[in-house]
Each structure stands twice: as structure tokens, then as C-alpha cells.
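Q: Let's see this in three dimensions:
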Amino acid sequence: MLHLVLLVMLLALILGTWAAVYAFQFYKVYGHSFLRFLVRYIFFLNLAVFLFLITKYLYLNFPDSIFTDPKSVFYTIVFLVATLVEIGLIHSFVSVALGLKGVEDSVKLNRLFVAGLILVGICYIVGITTYMNTGSNTWILTLYRSVVTVAMIAIMTANISLLIQRKTENNNSKLKSNRAFGWFNLVGYVVFFGSSVLSESAGLYVSATSLLFLNSIPIVWLKKFFVRDFLKLSTDNNLQFLDVTLQNHQISNREREIMELILQGKSNKEIEDMLFISYNTVKNHIYNLYQKLGVKSRGQLINFILESRRQMER
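A: Numbering: from 1, shown residues only. The predicted structure is shown next:
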């Protein structure tokens, strides 16, 4: 059973690496600061996955060693590092949620984060001193569990805040995207934290599977919701400013039509079905569109549109 758990965790780690690279590419194209925090969140999440994977691997392959003794120096260091990882996870995830709600920089959150680090640092000093004098890491373990509890509350609260976000004139087009992000992560973390009430073997498997799901969320959300619902580049009002630019680049009506579908997040196959043209025809139109605009990918195409709009608004 433990071997299967380790395999699932390894798959989760691989998927998390892909998710981090994928999110970073989106940050390079769109520049939203919350996308940078999304990359950090994925990093901290998978650092936690790595710590879990390596400790369980050592426990399985080196029985009757320091790797199986929860009071050893090894586990003490792991608890210390894991506590810092949890703090980074809290800050980055809450920053993502605030960014989705339009708060790109929260001074209060940063001050609270610094205060938390100072408090944890003091507890570290006390805990390490206690460990060196008595050989007991109970204090450090209690600190870790306390931070995990804070992480659970903070992440759940951040997700719920996205679900109950009120509709305004400025965020109407973003609500669907924000709520999808909130729902996906809420389900994932409810399963993850809920796995602690199960038996040890079942809990390990459920938590590992939930981490696999959590690492898939950024990829699915960025691909299916971010461009289509958060940016809303495909609406007529947002595309009107491109008319002159498109005419200057001699973009045909069919190519514009395909470009709008690309901005809606449609794949080549979906465009083929919607426009009743062959797959190769779709690829040819996209190639011609890229050549005329001087771009090489869908990300660069959207970046071209964003830059064009910024220049028109100056």
C-alpha cells in the first residue's frame, strides 16, 4: 500500500513541476502579480509533497534507523523545514486569492506574514533549546501542527471568499473564473484535510490522490477559465480596439473569427467542429495569422493583443 502511495506522490510531484512551469509561462505573458504568487504556491505545495515523499521513502527502505524515529535529529529538521513550507504556502495561496479579487498588493497580509515569521522564529529557538537539553521534539511537533491548522483555516477561508465574492461592474466577467478556482481548491483541500480522520493506510492514499488533484488545478484553470473568463479578451467590446490593427495586418474575417475562438480557449479540434472546416484548414489559418502578426504561439498572440490595447489606451 505504501509503495502505491509513493508512486502517486511521485506522479503528483511531476505534475506539480509541470504546473509551476505552465503558470510561470502565463505570468511571463500576462504579467499579473497573482500569477507570480501562483507559481510560488505551487512551489511550496510541491516542496511539502517532496518532504512527505522522501520521509516515507526512507521510512520504508531504512527500517530501524534514525529515519523511523520521530524523536531523531532527522525528523526534528524535517518538522522545522515543513513549518516554514506551510507558512510560505499560506502566504502565497492567500496572495493568489487576493489577486483574483483585485487586491494585487496587501500591506496588511505582508505585515501579518512577517509577524508570523518572527513568532515562529521565537518558537524555533525555544523548541531547539528544549530539544538539545531534553532530546524531546514535542514542542517543535506541536508548533508544526499549529501552523498546519492555521494553514487549513487560511486556505479554506480564502477559497470561500472567492465563492461568496459579490458581483460588481468591475468584476462581473471574472466571477466565473474566480469561483471555479475557489471550488476546485476547496474540494481538493477538504479531501486532503479530511483524510486525517481515516485509517492510516486509507488516509495516506486519499491525501496523496488529493495532492495529485490539487496539482492539476492550476493547469486546468489557466487553460479553461483564466483566458476565457478572467481576461474576457474575446468579447466584442474588448476586440473593437483591434479593428484598425487587424486591418493594417490584413487579417481576413475568417482569421479574425479563428482568433476570437483562440481567445476563448478553444482547441484546434473545437474550432474545426464549430466552423465546419477541416483540421488542416484550421492549422493553415492559424499559421497565416501568426505570420501576419509576427507571433509564434497562442500565448504570444494574446500578449500581442494586450500590448495593442495598452498602446491604444495611452
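
Q: Which residue, other than its chain neighbours, is closest to residue 109?
A: Using Cβ to Cβ, 6 or more residues apart in numbering and skipping the chain neighbours, the partner closest in space to residue 109 is residue 94 (6.2 Å). The C-beta positions use only the backbone N, C-alpha and C, and glycine is treated the same way.

Q: for the protein, what spans make up the strands?
A: For the chain, applying DSSP state E gives no strands.

Q: now the helices: where do they sit in it?
A: Ranges of helices within the chain are 2-30, 33-61, 73-100, 107-134, 138-163, 175-194, 200-221, 236-239, 243-248, 253-263, 268-275, 279-293, 298-313, based on DSSP state H.

Q: ranking those by mean pLDDT, which is last?
A: Lowest mean pLDDT within the helices of the chain: helix 236-239, at a mean of 53.

Q: what's the domain layout of the chain?
A: 2-230, 236-313 (automatic domain parsing).

Q: Deepest-packed of those domains, please.
A: Neighbour counts (mean count of other Cβ atoms under 10 Å) averaged over each of the domains of the chain peak at domain 2-230, with a mean of 17.

Q: circling back: output the helices of the chain in JSON lines, with distance to residue 227 appended to each entry.
A: Below are the helices of the chain laid out as JSON lines (distance: least, Cβ to Cβ, whole Å):
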{"stretch": "helix 2-30", "distance to residue 227": "9"}
{"stretch": "helix 33-61", "distance to residue 227": "12"}
{"stretch": "helix 73-100", "distance to residue 227": "14"}
{"stretch": "helix 107-134", "distance to residue 227": "27"}
{"stretch": "helix 138-163", "distance to residue 227": "18"}
{"stretch": "helix 175-194", "distance to residue 227": "9"}
{"stretch": "helix 200-221", "distance to residue 227": "10"}
{"stretch": "helix 236-239", "distance to residue 227": "12"}
{"stretch": "helix 243-248", "distance to residue 227": "19"}
{"stretch": "helix 253-263", "distance to residue 227": "7"}
{"stretch": "helix 268-275", "distance to residue 227": "14"}
{"stretch": "helix 279-293", "distance to residue 227": "16"}
{"stretch": "helix 298-313", "distance to residue 227": "7"}
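
Q: of the ones you listed, which approaches residue 67 most closely?
A: helix 33-61 (3.8 Å; Cβ to Cβ).

Q: Between helix 73-100 and that closest one, find me the angle.
A: Going by axes from the mean of the first three to the mean of the last three Cα atoms, to 10 degrees, helix 33-61 is angled at 160 degrees with respect to helix 73-100.

Q: Summarise which helices and strands helix 33-61 is packed against.
A: Identification of packing neighbours for helix 33-61 by 3 or more Cβ pairs under 8 Å, 6 or more residues apart in numbering; DSSP states H and E yields helix 2-30, helix 73-100, helix 200-221.

Q: Mind putting these into a markdown table with distance to residue 167?
A: As requested, those are exported to a markdown table (distance: least, Cβ to Cβ, whole Å):
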| stretch | distance to residue 167 |
| --- | --- |
| helix 2-30 | 23 |
| helix 73-100 | 14 |
| helix 200-221 | 20 |
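
Q: and of these, who's closest to residue 285?
A: With Cβ to Cβ, the closest approach to residue 285 among the helices and strands packed on helix 33-61 belongs to helix 2-30: 21.7 Å.

Q: Quick one: list the elements packing against the closest one.
A: Looks like helix 2-30 contacts helix 33-61, helix 200-221, helix 298-313 (3+ Cβ pairs under 8 Å, 6+ apart).

Q: Could you provide those in TSV, with additional columns for distance to residue 272?
A: Shown next, in TSV, are the helices and strands packed on helix 2-30 (distance: least, Cβ to Cβ, whole Å):
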stretch	distance to residue 272
helix 33-61	30
helix 200-221	22
helix 298-313	16
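
Q: Please identify which of these is closest to residue 165.
A: Minimum separation from residue 165 across the helices and strands packed on helix 2-30 (Cβ to Cβ) falls at helix 33-61, 14.2 Å.

Q: and the angle from the closest one to helix 2-30?
A: Helix 33-61 and helix 2-30 meet at an angle of 160 degrees, taking the same axes, to 10 degrees as the criterion.

Q: any idea how far helix 33-61 is from the chain center?
A: Remark: helix 33-61 is offset 12 Å from the chain centroid, using Cα atoms, centre = their mean, to the nearest Å.

Q: just stretch 74-89 next, same as before
A: Distance of stretch 74-89 from its chain centroid, counting by Cα atoms, centre = their mean, is 20 Å.
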